[in-house]
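# have a look at this prediction, sequence included:
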Amino acid sequence: MMKVLFLDTVHPILAERLTDAGMLCVDGTALPTSEAVRLHRDAEGIVLRSRIRVDADLLDRLPQLRFICRSGAGLENIDVASAHMRGIEVFNSPEGNRDAVGEHALGMLLSLMNLLREADASVKQGQWDREGHRGMELASRTVGILGYGHMGSAFAGKLTGMGCRILACDPYRTDVEGDHQGKVRHVDLATLQREADVLSIHCHLTPETKGMVDREFLYGFAKPIVLVNTARGPVLSSSGLLDALQTGHVVAAALDVFERETSSFETVANEGDAIWMRLMAHPRIQVSPHVAGWTEESYIKLSSVLADKVIAEFG
């Protein structure tokens, strides 16, 4: 019987479905990772989220490992190359929270463009300033999507009914043109920077993308942009964003992720430093605590997608 060691808490549907498929699911979440691994060296599968780093050392301590399940989209906490060298399959589940991310990104964008947060606060303070809260319409604007995987494509799908132009920039995709009933146009970075009014970031975090959206990158846009980041915090330079807001290259920004998040995404390091304090105090920055993919529905779907993939390969 194949043993699957759960190192992080996920929706119970994953354990239920793997058990029904004849696998032995072991809950190791109450133990330190090193202890759980020591006690279950014979595990053939492990389940985790973003908190645990899977490096070559951990893989060496699980000699019978055949697969890794990462609940969620990102794989930056897993040494995928080392896993593949050992013949270990790596499963993630971006299909499970893509709709949640797309909806959250759209919601933040609409809130920014229609000054909803500011209007709410103003009315509650006894003011009735209609002119001061005149919004902007998406229908007359061009939205640029940087990174066109599951999340970028889902966001594009949410935009299709808004009447805006949709540009997708992803050098690793050759099948973007005409996506979503022909409403998505694939462009290079120069075209994106020349034509976009809105930039929504949906890149994976890799050595190539870390810090990619910096001051120089933002200054490269021909028009002042509204920026949304629901991908990974380190893709966007916080200081670069603050500079671009000051100079008017960025009109407003919505951030669900932050450069200084810890690897678990549960906290932010150095909250008291000057850059963090400026981000939190800036009147044209709207924030949420890394919850774009965090919905009641996605919690179930993330685990259900993993179950589908594991059972298809090993069931």
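Sure, I can see it.

# spatially central, which residue of the protein would that be?
A231 (3.3 Å; Cα atoms, centre = their mean).

# how much space is there between G107 and L227?
15 Å (Cβ to Cβ, to the nearest Å). Quick note: C-beta positions are derived from backbone N, CA and C, even for glycine.

# what's the answer for I52, then?
Separation of I52 from L227 (Cβ to Cβ): 31 Å.

# ok, those two, which is more surrounded?
The neighbour comparison of I52 against L227 (other Cβ atoms under 10 Å) goes to L227, with 28 against 20.

# please, which helix or strand holds that one?
Here L227, judged by DSSP states H and E, is contained in strand 225-229.

# what are the contacting residues of whatever helix or strand L241 lives in?
Element membership of L241, judged by DSSP H and E, is helix 238-247. The contact list for helix 238-247, computed with Cβ atoms under 8 Å, 6 or more residues apart in numbering, reads 213-219, 227, 250, 252-253, 258-260, 275-276, 278-279, 282, 284-285.

# so which of these belong to helices?
Mapping the contacts of helix 238-247 onto helices (DSSP state H) picks out 215-219, 275-276, 278-279.

# buried ones among these?
For the ones in helices among the contacts of helix 238-247, a neighbour count by 16 or more other Cβ atoms under 10 Å gives the buried set as 215, 217-218, 276, 278-279.

# which two of these have the greatest separation?
F217 and W276 (20.9 Å; Cβ to Cβ).

# tell me, how many residues neighbour G272?
6.

# kindly report the same for the one 10 residues further on.
Per other Cβ under 10 Å, the neighbour tally for H282 reads 16.

# hang on, the earlier thing: what residues sit buried inside the helix holding L241?
Quick answer for helix 238-247 (16+ other Cβ under 10 Å): 238, 240-245.

# can you redo these as CSV with pLDDT?
As requested, the buried residues of helix 238-247 are exported to CSV (pLDDT from 0 to 100):
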residue, pLDDT
S238, 96
G240, 98
L241, 98
L242, 98
D243, 98
A244, 98
L245, 98
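
# from these, which is closest to V80?
S238 (27.4 Å).

# can you name the element that comes right after the helix or strand encompassing V143?
Using DSSP H and E, V143 sits within strand 142-146. Proceeding N to C from strand 142-146, the next assigned helix or strand is helix 150-159, under DSSP H and E.

# neighbouring contacts of that following helix?
Under Cβ under 8 Å, 6+ apart, the answer for helix 150-159 is 73, 94-95, 98-99, 101-103, 105-106, 138, 143, 145-146, 148, 166, 168, 170, 179-180, 183-184, 200, 202, 230-231.

# which residues touch the closest residue to S93 other than its chain neighbours?
Counting by Cβ to Cβ, 6 or more residues apart in numbering, V305 is the residue found nearest to S93 once chain neighbours are left out, at 4.0 Å. Listed by Cβ under 8 Å, 6+ apart, the contact set of V305 reads 93, 95-96.

# which residues of the stretch 151-300 of the chain fall in strands?
Counting by DSSP state E, counting those that start in this stretch, the stretch 151-300 of the chain has strands at residues 165-169, 184-186, 198-201, 225-229, 250-255, 285-287.

# take these and lay them out in TSV including distance to P12 and mean pLDDT.
Converted to TSV, the strands of the stretch 151-300 of the chain look like this (distance: least, Cβ to Cβ, whole Å; pLDDT from 0 to 100):
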stretch	distance to P12	mean pLDDT
strand 165-169	36	97
strand 184-186	37	96
strand 198-201	33	98
strand 225-229	32	98
strand 250-255	32	98
strand 285-287	31	97
